[in-house]
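Novice: Model the following, please.
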Amino acid sequence: MTHRTLHDWFAGSAARHGDAVALEVGGYTLTYRHLDRTVDHIARAVLDTCDTTPRRVGLYASRSVAAYAGYLAALRLGATVVPLNPSFPAARNERIVGNAALDVVIAQDADPGLPAPACVVDPSLAQRTALALREPGPASTGRRPDPEAAAYILFTSGSTGAPKGVPVAHRSVDAYLRHVIPRYALGPGARVTQTFDLTFDLSVFDLFCTWGSGAALVVPTRGDLLAPARFVAARGITHWFSVPSAISLAQGLGRLAENSMPNLRWSLFCGEPLTLEQARAWQRAAPGSTMENLYGPTELTLSCAQFRLPVGRAAWPVTANGTVPVGELYPGLEALVVGYDHRPGTTGELCVRGAQRFGGYLDPDDNRGRFVTFDGTRVTVWDQPAAPPEDAWYRTGDRVRDEDGCLVHLGRLDHQVKVQGYRVELGEIEAVLRGHPQVTEAVVVAVRDDDGPMTLHAVCTGTGGGDGDELLTLLRTKLPQHMIPRSLAFWRRFPLNSNGKVDRNAIGAAVMSANNNEADERRE
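Specialist: Alright, predicted model coming up:
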């Protein structure tokens with residue numbers, strides 16, 4: 001099979017659907033022909049600025065023509081794209097610039113305040129020239145990328161505190177696009193949301209499922225994300241894709257009214273567990289929409305598993321933790337569920353191999369312990385600072401149960417803590433809390449006070465105001481004493497991180513701060 005690059009997917013649509021809308025952002029509407037012209041201007045601006053064709057291009061831009069055309073311009077030059085988030089702390093972006101060994105940065109601001117690699121390109125002049133509809137000059141030139149080469153490098157949070165670089169090859173994204181584009185009936189006339197920041201791998205779905213099929217990419221503002229139903233109705237959205245937290249946020253603000261999105265065709269959610277209660281709230285607002293829960297880490301190319309909720313709610317699954325299953329793996333992927341004894345089983349850590357598995361981290365040292373090999377009877381952890389074998393399984397760090405070929409997500413292994421010597425899955429406590437009618441969402445955090453023991457604390461959101469004592473009584477009827485949180489509070493809403501996920505670290509910090517304040521008051 002001949003693999004297409006990301007730019008091949010875009011170029012094919014530009015050739016077939018030149019007059020169709022490709023991008024709507026910030027008041028601009030660009031057809032495929034227009035976007036292609038803008039991409040060419042920015043690519044030539046990069047070549048004019050640099051001495052050689054760049055190998056890795058940083059993209060310091062967000063939700064602008066410069067961001068999207070700059071992404072495509074880097075690909076047109078045969079370079080690997082490394083997105084940088086302007087809202088991230090400067091120190092993090094500086095570390096990424098250095099670790100990725102960038103040759104050039106395309107920045108939407110003339111002075112991005114980044115440590116300079118070889119050069120920084122401000123695409124605004126090229127962008128304005130192209131937007132004025134002037135004809136392009138000679139076509140930009142670069143190297144045609146090898147489909148085996150990295151299309152992009154994203155930096156994820158590392159357990160050591162340092163971000164880990166994840167290179168994902170064109171061939172892996174090609175396998176992904178070949179599956180998801182037809183599955184979701186994407187093509188001319190479809191209008192797709194772009195909710196994810198470009199530093200979040202799920203943004204690649206937004207961009208290239210859209211541009212690879214001839215659909216239109218419609219970019220919401222931050223305010224639009226707080227009122228998704230209004231945005232969907234006003235902009236004629238056919239395909240919605242976001243983290244599940246967007247549902248709870250809109251619901252908490254009273255902006256998810258029944259039947260408020262009657263024309264939405266597809267509703268896709270990924271990035272964190274989708275609860276059945278969240279799914280019910282969204283279905284009430286978009287009753288004609290087909291809803292799917294997707295699952296997958298960056299290392300497995302966006303998403304690698306899918307579960308489509310049946311049309312009739314009576315046929316929806318019932319799971320022990322109240323979440324929608326992650327379902328079955330995509331074609332070309334294999335699963336290995338490894339138990340605590342490092343033997344294959346039906347409950348344990350999900351490990352995956354196949355066409356969408358990345359080839360290893362940018363820093364080979366990060367590969368230690370993240371892969372396993374299996375000889376048919378014994379699982380062996382890969383513990384070398386080198387690229388893993390092609391047939392190795394990637395360890396997702398997610399605990400699952402295989403129920404007749406359908407995977408149910410049971411929580412993160414790193415959400416497992418020791419309390420009073422007992423191993424505790426925080427997700428188990430959260431599932432019991434979500435089973436109460438007053439609770440919409442629940443997060444349990446483990447906090448260590450100074451050098452004292454590990455203690456559990458629960459924070460919930462809900463529609464009924466909440467009765468902490470009643471919930472603690474419920475927990476005591478279902479869980480052993482060592483799993484009962486020391487405190488339980490109701491918050492109006494949970495904080496979200498830059499990717500729109502519930503920010504567990506911020507919740508933990510707030511709980512710890514409250515505990516410290518209480519301790520100070522007691523001492524006084």
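Novice: And for the closest residue to residue 363 other than its chain neighbours, the neighbour number?
Specialist: Leaving aside its sequence neighbours, residue 363 sits nearest to residue 165 (Cβ to Cβ, 6 or more residues apart in numbering; 6.5 Å). Bear in mind the C-beta positions are built from the backbone N, C-alpha and C, glycine included. Here the count is done by other Cβ atoms under 10 Å, and residue 165 has 19 residues near it.
Novice: quick one: terminal-to-terminal distance for stretch 1-9?
Specialist: Looking at stretch 1-9, the gap from its leading to its trailing residue is 15 Å under the measure Cα to Cα, to the nearest Å.
Novice: just how off-centre is that stretch within its chain?
Specialist: Here stretch 1-9 is found 23 Å from its chain centre; the criterion is Cα atoms, centre = their mean, to the nearest Å.
Novice: And for stretch 169-178?
Specialist: 17 Å.
Novice: ditto for stretch 36-51
Specialist: Taking the mean of its C-alpha atoms, stretch 36-51 sits 29 Å from the chain's own mean (Cα atoms, centre = their mean).
Novice: Flag every buried residue along it.
Specialist: Neighbour-count burial for stretch 36-51 flags 36-47, 50 (criterion: 16 or more other Cβ atoms under 10 Å).
Novice: any idea of the mean pLDDT for that stretch?
Specialist: The predicted model gives stretch 36-51 an average pLDDT of 87.
Novice: and what of stretch 294-307?
Specialist: Stretch 294-307 shows a mean pLDDT of 96 in the predicted model.
Novice: start to end distance for it?
Specialist: The distance separating the two terminal residues of stretch 294-307, taken as Cα to Cα, comes to 7 Å.
Novice: count of neighbours near residue 229?
Specialist: The number of residues packed near residue 229 is 21, by other Cβ under 10 Å.
Novice: whoops, residue 254 was the one
Specialist: Other residues close to residue 254 by other Cβ under 10 Å number 8.
Novice: What strand or helix carries it?
Specialist: Per DSSP states H and E: residue 254 is located in neither a helix nor a strand.
Novice: And for residue 174?
Specialist: Under the assignment given by DSSP H and E, the secondary-structure element containing residue 174 is helix 170-183.
Novice: same thing with residue 280?
Specialist: Assignment of secondary structure by DSSP H and E places residue 280 within helix 276-285.
Novice: elements contacting that helix?
Specialist: Based on contacts counted as 3 or more Cβ pairs under 8 Å, 6 or more residues apart in numbering; DSSP states H and E, the elements that helix 276-285 packs against are helix 245-252, strand 290-295.
Novice: Where among the ones you listed is average confidence lowest?
Specialist: helix 245-252 (a mean of 88).
Novice: Tell me how far the helix or strand following that helix lies from the chain's centre.
Specialist: Scanning forward in sequence from helix 245-252 by DSSP H and E, the next helix or strand is strand 266-269. The chain centroid and the centroid of strand 266-269 are separated by 14 Å under Cα atoms, centre = their mean.
Novice: same check, this time on stretch 471-481
Specialist: Its chain's C-alpha centre lies 34 Å from the corresponding centre of stretch 471-481 when counted by Cα atoms, centre = their mean.
Novice: For it, the averaged confidence score.
Specialist: Summarised as a single mean, pLDDT over stretch 471-481 is 85.
Novice: try stretch 198-210
Specialist: 96.
Novice: That one: which residues count as buried?
Specialist: Residues of stretch 198-210 classed as buried by neighbour count (16+ other Cβ under 10 Å): 198-210.
Novice: what's the answer for stretch 3-20, then?
Specialist: 3-11, 13-14, 17, 20.
Novice: Can you tell me which of these is nearest residue 434?
Specialist: Using Cβ to Cβ, residue 6 comes nearest to residue 434 of those, at 38.5 Å.
Novice: for the closest one, what are its contacts?
Specialist: Residue 6 makes contact with 75, 151, 170, 173, 204, 208 under the criterion Cβ atoms under 8 Å, 6 or more residues apart in numbering.
Novice: and those residues as CSV, adding distance to residue 492?
Specialist: Compiled in CSV, the contacts of residue 6 are given as follows (distance: Cβ to Cβ, whole Å):
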residue, distance to residue 492
75, 42
151, 40
170, 44
173, 39
204, 33
208, 37
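Novice: so which of those comes closest to residue 411?
Specialist: Closest to residue 411 out of these is residue 204 (25.9 Å), distances taken as Cβ to Cβ.
Novice: wait, isn't residue 491 in contact with residue 458?
Specialist: No: using Cβ atoms under 8 Å, residue 491 is not in contact with residue 458; the gap is 10.7 Å.
Novice: any chance of the helices and strands packed on helix 276-285 in JSON lines, plus mean neighbour count and distance to residue 391?
Specialist: Formatted as JSON lines, the helices and strands packed on helix 276-285 follow (neighbours: other Cβ atoms under 10 Å; distance: least, Cβ to Cβ, whole Å):
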{"stretch": "helix 245-252", "mean neighbour count": "23", "distance to residue 391": "36"}
{"stretch": "strand 290-295", "mean neighbour count": "22", "distance to residue 391": "22"}
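Novice: Out of the ones you listed, which is closest to residue 358?
Specialist: Go through the helices and strands packed on helix 276-285 one by one with Cβ to Cβ and the one that ends up closest to residue 358 is strand 290-295, at 16.2 Å.
Novice: chain center to the closest one, what's the gap?
Specialist: 14 Å.
Novice: Which residues outside it are in contact with it?
Specialist: Contacts of strand 290-295 (Cβ under 8 Å, 6+ apart): 265-270, 274, 279, 282-283, 303-309, 324-327, 398, 407, 409.
Novice: quick one on the thing from earlier: just the ones in strands from the buried residues of stretch 198-210, please.
Specialist: Assigned to strands by DSSP state E, none of the buried residues of stretch 198-210 qualify.
Novice: between these, which is closest to residue 339?
Specialist: Looking at the buried residues of stretch 198-210 and their distance to residue 339, the nearest is residue 201, at 28.3 Å (Cβ to Cβ).
Novice: gap between the closest one and residue 389?
Specialist: According to Cβ to Cβ, to the nearest Å, residue 201 and residue 389 sit 24 Å apart.
Novice: show me the contacts for residue 21.
Specialist: Under the criterion of Cβ under 8 Å, 6+ apart, the contact partners of residue 21 comprise 29-32, 216.
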